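**Student:** Sequence first, predicted coordinates after that:
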Amino acid sequence: MQRFKLKTDIIFGQNALDVLKTLSARSCVVFTDAFLTANGTADRIASLLVGCEKVSVYSEVKPDPPIELVASGMKFLLEKEADLVVALGGGSAIDAAKSTVYVARKHTGKNIRLIAIPTTSGTGSEVTQFAVISDIQAEKKIPLIDETLLPEMAILSCELTASVPPAVTADTGFDVLTHALEAYISTNSNEISDALAEKAVELFADYIVPAYKNGNDLIAREKMHTASCLAGIAFNEAGLGINHSIAHALGANFHIPHGRANAMLLPHVLRYNTELDIKFCVKNANPTADKLESLARRLGYPANSSDIGVRNMIVKIKEYQRWLNIPTTLGEAGVKKQDYLESKQHIIQSALADACTATNPRKVDAAGIAEILDKIDIFI
Ligand SMILES: NC(=O)c1ccc[n+]([C@@H]2O[C@H](COP(=O)([O-])OP(=O)(O)OC[C@H]3O[C@@H](n4cnc5c(N)ncnc54)[C@H](O)[C@@H]3O)[C@@H](O)[C@H]2O)c1
Ligand SMILES: [Fe+2]
């Protein structure tokens, strides 16, 4: 028996933010970062919450939110006696809000409601039961997984993403692609998650470059916002794989933005998972390669065998890396060789222990993770 459940109410399209006017609460906290507070977005959201008796703004979120932020966020929620939290921002703000509300509910025994408004098109956190928090001292990212982390409502308003700078558009866009592809080949995928992942990849293929080149292209922004949400629902259902496991470890150790770490790894992980050799031959017939062949065909890439399908998918991903100016080596991503060598074993062990590894389509061990890392282990 299988089950597909979508708890989050998704509001999208023109004037989606107007739904905020229908919400009521005694004390609402807009949970966000300094940038979205300084550029007026947090105040704009607060002004739409006309049915809430009191609205306050918490603007302390930092990228890759640390555990300590959850403690400070909870103190704020308790002081304000919040019964509604509106998470506003990228994955960092939404994950920080999700974790904080989770802990505050446990502490107070009260049902604090949670709504998410993403301002990047990347993590899909507005529709997932995951929240990623960083343990700075242990150089680890900790994914919390719990159904109660799912926001009750997600509001997709693409105009909020127009101010995202090109480099962040590129990084977060590659996060979308990685979510969709890892969900698609995950051991837990099914036809519903496949349909969502396929559509997300198609939207990425057509709209990431226009969104990157012109942030004010609201059609491209809207399509990427939809792709992010679809890919989020897909991986919430199907899980991810070792691309994310290794990216979490690289992010925790070297503060490489999450999507960028995913982007650097993606061609190499696909090659590893499909057992594609140096001559672009799939060594052992495998369902992962067959699935990617059918996706390549859907995207219009030549693919009359699994070898050719996978190869063309990888070639195309490398083209997107070039178009979006993604670094392809640890050296280009600003990592120092000595730091990498000192952390390599820790990265391998963290990746193996990461929750995403369980649904990777190919069984992986330390040698497998090292084989993938070796492909980006270039310092000039
Ligand atoms: N919960 C999940 O399911 C999930 C999935 C993938 C990743 N993550 C986590 O999400 C985090 C990354 O999130 P992200 O990639 O969205 O980046 P982010 O939230 O860290 O934001 C990146 C930068 O963009 C800025 N920004 C956000 N919105 C903006 C806007 N509209 N205009 C201009 N600047 C804006 C932020 O201030 C920040 O400086 C990582 O911690 C990652 O581990 C979570
Ligand atoms: Fe991700």
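**Tutor:** Right, received. Where do you want to start? Residues are numbered from 1 along each chain as shown. Ligands and ions are numbered 1, 2, ... in the order given.

**Student:** Does S125 touch T119 like I think?
**Tutor:** No - using CB atoms under 8 Å, S125 is not in contact with T119, being 11.3 Å away. The C-beta positions use only the backbone N, C-alpha and C, and glycine is treated the same way.

**Student:** Of those two, which one has the most company?
**Tutor:** Comparing S125 with T119 by other CB atoms under 10 Å, the one with more neighbours is S125, at 30 against 25.

**Student:** Which parts of the chain are strands?
**Tutor:** 9-11, 25-33, 52-61, 84-89, 113-118, 130-135, 140-145, 153-155 (DSSP state E).

**Student:** which other helices and strands contact the fourth one?
**Tutor:** If I follow you right, that is strand 84-89. Helices and strands touching strand 84-89, by 3 or more CB pairs under 8 Å, 6 or more residues apart in numbering; DSSP states H and E, are strand 25-33, helix 41-48, helix 91-108, strand 113-118.

**Student:** Same check on the first one?
**Tutor:** Using 3+ CB pairs under 8 Å, 6+ apart, the elements in contact with strand 9-11 are strand 153-155.

**Student:** Report the distance from the strand it packs on to the chain centre.
**Tutor:** Its chain's C-alpha centre and that of strand 153-155 lie 16 Å apart, by CA atoms, centre = their mean, to the nearest Å.

**Student:** contacting residues for K199?
**Tutor:** Contact analysis of K199 by CB atoms under 8 Å, 6 or more residues apart in numbering lists A227, L230.

**Student:** how near is it to L295?
**Tutor:** Using CB to CB, to the nearest Å, K199 is found at 11 Å from L295.

**Student:** So which residues on the chain come close to ligand 1?
**Tutor:** Contact residues (CB under 6 Å from any ligand atom) of the chain with ligand 1: 33, 35, 63-64, 89-93, 95, 119-120, 122-125, 128, 130-132, 141, 160-161, 163-164, 168, 172, 175, 258-259.

**Student:** Which one of the helices and strands packed on strand 84-89 lies nearest to G241?
**Tutor:** Taking CB to CB, helix 91-108 is the member of the helices and strands packed on strand 84-89 nearest to G241, at 18.1 Å.

**Student:** Please export the C-alpha coordinates of that closest one as CSV.
**Tutor:** The C-alpha trace of helix 91-108 is given here as CSV (Å, rounded to 0.1, in the frame of the first residue of the first chain):
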residue,chain,number,x,y,z
GLY,A,91,15.5,28.1,3.0
SER,A,92,17.5,29.4,5.9
ALA,A,93,14.7,31.6,7.3
ILE,A,94,12.0,29.0,6.6
ASP,A,95,14.1,26.2,8.3
ALA,A,96,15.0,28.4,11.2
ALA,A,97,11.3,29.2,11.7
LYS,A,98,10.2,25.5,11.3
SER,A,99,12.8,24.4,13.9
THR,A,100,12.0,27.2,16.3
VAL,A,101,8.2,26.6,16.1
TYR,A,102,8.8,22.9,16.6
VAL,A,103,10.8,23.5,19.8
ALA,A,104,8.4,26.2,21.1
ARG,A,105,5.4,23.9,20.6
LYS,A,106,7.1,21.2,22.6
HIS,A,107,8.0,23.8,25.3
THR,A,108,4.6,25.5,25.7
